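*Asks:* how would this look folded up:
(chains A and B)
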Amino acid sequence: MGRYTLRRLLQLIPVFLGSTFIVYALVWGLSDDPFAGKCGQRACSPAYIAVMTERYNLDDNIVVQYLKYLGALFTGDFGQTASGTEVADVIANAYPTTIKLAIVALVIEAVIGILAGIVSGLRGRGFVDSLVLVSTLFLISLPVFVTGLVLKQVLGVELGIIRTSVPNDPSIADLIVPGFVLGSLSMAYVARLTRTSLIENTRADYVRTAVAKGLSRRRVVGVHMLRNSLIAVVTFLGTDLGALMGGAIVTEGVFNIRGIGGLVFKGILQQDTATVVGIVVLLVIVYLIANLVVDLLYAVLDPRIRYD
Amino acid sequence: MTVAASHLLEVEDLHVEFGQGRDTASVLNGVGYHVDEGETLAVLGESGSGKSVTAQTVMGILDTPPGRITGGSVRFRGEELLGADPERRRMLRGESMAMIFQDALSALNPVYSVGFQIAEQFRFRRGMSRKDAMARAAEMLDLVRIPNAKQRVREYPHQFSGGMRQRAMIAMSLALDPELLIADEPTTALDVTVQAQIMELLDELRRERGMGLILITHDLGVVAEVADRIAVMYAGRIVEHTDAATLYAHPGHPYTRGLMDSVPRVDDVAGAALRPIPGLPPSLSAIPPGCPFHPRCAHAEDVCAAEVPLLRELGGDHQAACHFAERFVAEDPDRPTTHEVVSR
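*Replies:* Next comes the predicted model:
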């Protein structure tokens, strides 16, 4: 397992270099003139161009530029936004909110999704099962912005239970409804995935063995069936966490949350290259780590997967 | 057969159906057998004859639905089990009766160590601590002669070979020292040399512990060496029942005879045709009237299609369900094979 982890960590290096280089090249190299439209109606002043060219090594070859950027990155220098703020500070402001929102969403989708899946999977055909199937189908078919806007309108504007706009540095309570909106789609998938794998495992031979051993039903279900059924679900949740950590442009927009998704969206619109590249580099790292954790977790849950 | 409370296990007139309405399949149609302490009863029959369903009904692990027990009786030491309190039946499982399955790889939980799965019974049925239970699990692995039991107890089923897995399965079934062990095709998934070792082990453990053993199989070779008595099943009924020697020398049912003739023999000339029983077992949702075997039987007469032959005593504790059983029993052991009768 140790060697496997090391190998996976080493594998991250080329993936990291490749993906960040592509992003860097795309963003900087997209236009022939990186200063087009940067200074409003007029052309940028030669002094500004000179400063920026110097700061971002724009005279160099793109590969050299990238390597110099990378070098700065490893000393903790993410560069500056177009308006001169440190990108690192901007990220540090926005990322805690994104992490909080991601965790709230993940907890909601895991708890509600798994519980609904277990109940409907164990009960078999009947009211609860139909309810879960229909409501998850409903959630899957609704686009996230519809769920978000409807909940904001009903709970926020009509009933006044939640604030329509989430404050800066929000508490967990502020993020419950946005988290539900963000996690709703995955929640529906988790419920269905749990249900299906539980039903598949109900007739498994080893479940029959567990019953034949005279174990209680609670132990047969809770220990023998559930562990096997949840392997797929945990994998799904882990991958989803990586995606959630990447920010949520739509949900953040609907509830006016200042997270990383909105930041990167704004950066792209304003062609704020340093911000976009800085954030994307961070997101690539987060996603790669999340994937690694999932793979390791998978090996812990299922001993048949031997990494060596 | 009404000696109450004397048998370890007594199954009587058991009926089980699967499915609904027109698709109802009568899987068991009045199965009855009994086992006593320390003896081996072999239940012999083709796939789908109801061997496993009977065993699952005895254990109380039949899936209902789709299965449905529509009649009969299962008594353990005289205690009626059908309709008994589910909790009482659970307490009997493992403690009084245990079962091992055909494919040990799928019958063991892949995500828990072998030791964990054996130890569970000590922990949750005997209240032992995790540590003590693991130590007992290692002793059980030792008992079924798994080398390095102390290390192997922490390994997972996929790290065991086929034979070792079946040994682990046996260790698990014996954990709570049951009085009755049901082995459902325990050697079918194994290669021949390992089969012999497993059978030997089962036989030895039965003798040492004085357990009753029900050996479900379709392999006549396995049965010949270890069974005290043999019950032959066909289409959810017992069609013949007697001790092993009598069955081999004087089978009273053409189906039993067909089974024996279909086993290739060492003295067969190379290239000699195999001698399968002609036809297929009947669909259980449309069992033919009269004797269920008559469409495949080379000796069938009009009466066979009209009347269901009952399992009757032929003398010397030999029962067969054939209208002409006496005639077959009386025939010479070097009788012509079923195949030869058909081609005449």
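*Asks:* for the strand or helix carrying residue B:131, packing partners?
*Replies:* Per DSSP states H and E, residue B:131 falls inside helix B:130-143. The criterion is 3 or more C-beta pairs under 8 Å, 6 or more residues apart in numbering or on different chains; DSSP states H and E, and the helices and strands that helix B:130-143 contacts are helix B:114-125, helix B:149-152, helix B:162-174. The C-beta positions use only the backbone N, C-alpha and C, and glycine is treated the same way.
*Asks:* Tell me which of those sits nearest to chain A.
*Replies:* helix B:114-125 (5.5 Å; C-beta to the nearest C-beta).
*Asks:* Can you name every helix or strand that that closest one contacts?
*Replies:* helix B:86-95, helix B:130-143, helix B:162-174.
*Asks:* Now do that helix, average pLDDT.
*Replies:* Throughout helix B:114-125, pLDDT has a mean value of 91.
*Asks:* helices and strands of chain A: which one has the lowest mean pLDDT?
*Replies:* Scoring the helices and strands of chain A by mean pLDDT, DSSP states H and E places helix A:46-55 at the bottom, with a mean of 76.
*Asks:* Just the CA trace of that helix, in CSV.
*Replies:* The C-alpha trace of helix A:46-55 is given here as CSV (Å, rounded to 0.1, in the frame of the first residue of the first chain):
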residue,chain,number,x,y,z
PRO,A,46,3.6,51.7,-23.2
ALA,A,47,4.6,52.0,-19.5
TYR,A,48,1.8,49.6,-18.4
ILE,A,49,2.7,47.2,-21.2
ALA,A,50,6.3,47.3,-20.2
VAL,A,51,5.5,46.6,-16.6
MET,A,52,3.2,43.7,-17.4
THR,A,53,5.6,42.2,-20.0
GLU,A,54,8.3,42.3,-17.4
ARG,A,55,6.2,40.8,-14.7
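*Asks:* which parts of that helix are buried?
*Replies:* Buried residues in helix A:46-55, counted by 16 or more other C-beta atoms under 10 Å in any protein chain shown: A:49, A:52.
*Asks:* go on, stretch B:62-78?
*Replies:* Of the residues in stretch B:62-78, B:62, B:67, B:69, B:72, B:74, B:75, B:76 count as buried by neighbour count, 16+ other C-beta under 10 Å.
*Asks:* in which helix or strand would I find the residue in the stretch 101-250 of chain A that chain B sits nearest to?
*Replies:* Across the stretch 101-250 of chain A, the shortest distance to chain B (C-beta to the nearest C-beta) belongs to residue A:214, at 3.5 Å. Of the helices and strands defined by DSSP H and E, none includes residue A:214.
*Asks:* That one reaches residue B:96, doesn't it?
*Replies:* No. Taking contacts as C-beta atoms under 8 Å, residue A:214 lies outside contact range of residue B:96: 9.2 Å.
*Asks:* and those two? which has more neighbours close in?
*Replies:* residue A:214 (25 against 19; other C-beta atoms under 10 Å in any protein chain shown).
*Asks:* Backbone dihedrals for that one, please?
*Replies:* phi 80, psi 30 (degrees, to the nearest 10).
*Asks:* separation between it and residue B:86?
*Replies:* 11 Å (C-beta to C-beta, to the nearest Å).
*Asks:* check contacts around residue B:8.
*Replies:* B:34, B:35, B:36, B:37, B:76, B:77, B:179, B:180, B:212 (C-beta atoms under 8 Å, 6 or more residues apart in numbering or on different chains).
*Asks:* what sits against the last one?
*Replies:* Translated: residue B:212. B:8-9, B:35-41, B:179-181, B:206.
*Asks:* Strictly from the record, what residue spans define the domains of chain B?
*Replies:* Annotated domains of chain B cover B:9-233, B:243-343 [automatic domain parsing].
*Asks:* Looking at these, which one is packed in the most?
*Replies:* Most buried of those by mean neighbour count (mean count of other C-beta atoms under 10 Å in any protein chain shown) is domain B:9-233; its value is a mean of 19.
*Asks:* Need the distance between the two termini of that domain.
*Replies:* End-to-end distance for domain B:9-233: 18 Å, by C-alpha to C-alpha, to the nearest Å.
*Asks:* and what of stretch B:182-195?
*Replies:* 17 Å.
*Asks:* what's next to it, contact-wise?
*Replies:* B:51-52, B:55, B:58-59, B:97-105, B:162-163, B:166, B:169-170, B:198-199, B:202, B:213-219, B:222.
*Asks:* filter those down to the ones near chain A?
*Replies:* By C-beta under 8 Å from any C-beta of the partner chain, the members of the contacts of stretch B:182-195 lying near chain A are B:59, B:98, B:99, B:101, B:103, B:169.
*Asks:* Out of the residues you listed, which is nearest to residue A:298?
*Replies:* Closest to residue A:298 out of those is residue B:103 (25.0 Å), distances taken as C-beta to C-beta.
*Asks:* wouldn't that closest one be in contact with residue A:208 here?
*Replies:* No. Using C-beta under 8 Å, residue B:103 is not in contact with residue A:208; the gap is 11.2 Å.
*Asks:* What mean pLDDT does stretch A:160-180 get?
*Replies:* 79.
*Asks:* Can you check the distance spanned by it, start to finish?
*Replies:* End to end - C-alpha to C-alpha - stretch A:160-180 spans 17 Å.
*Asks:* Could you tell me how far that stretch lies from the centre of the chain?
*Replies:* 19 Å (C-alpha atoms, centre = their mean, to the nearest Å).
*Asks:* cool, and stretch A:276-293?
*Replies:* The chain centre lies 10 Å from the centre of stretch A:276-293; the measure is C-alpha atoms, centre = their mean.
*Asks:* Point out the other helices and strands that the lengthiest helix in chain A packs with.
*Replies:* Scanning chain A for the helix with the most residues, using DSSP state H, yields helix A:87-123. Here helix A:87-123 is seen to pack against helix A:127-141, helix A:176-202, helix A:226-244, helix A:260-269, helix A:273-301 when contacts are counted using 3+ C-beta pairs under 8 Å, 6+ apart.
*Asks:* any idea which helix or strand comes after the third one?
*Replies:* The first helix or strand that comes after helix A:226-244 along the chain, using DSSP H and E, is helix A:249-254.
*Asks:* and the helix or strand that the least confident helix or strand of chain A is followed by, which residues are buried?
*Replies:* Next along the chain after helix A:46-55, taking DSSP H and E as the criterion, comes helix A:62-74. Of the residues in helix A:62-74, A:65, A:66, A:67, A:69, A:73 count as buried by neighbour count, 16+ other C-beta under 10 Å.
*Asks:* Tell me which residues touch the last one, please.
*Replies:* Right, residue A:73. Contacts of residue A:73 (C-beta under 8 Å, 6+ apart): residue A:281.
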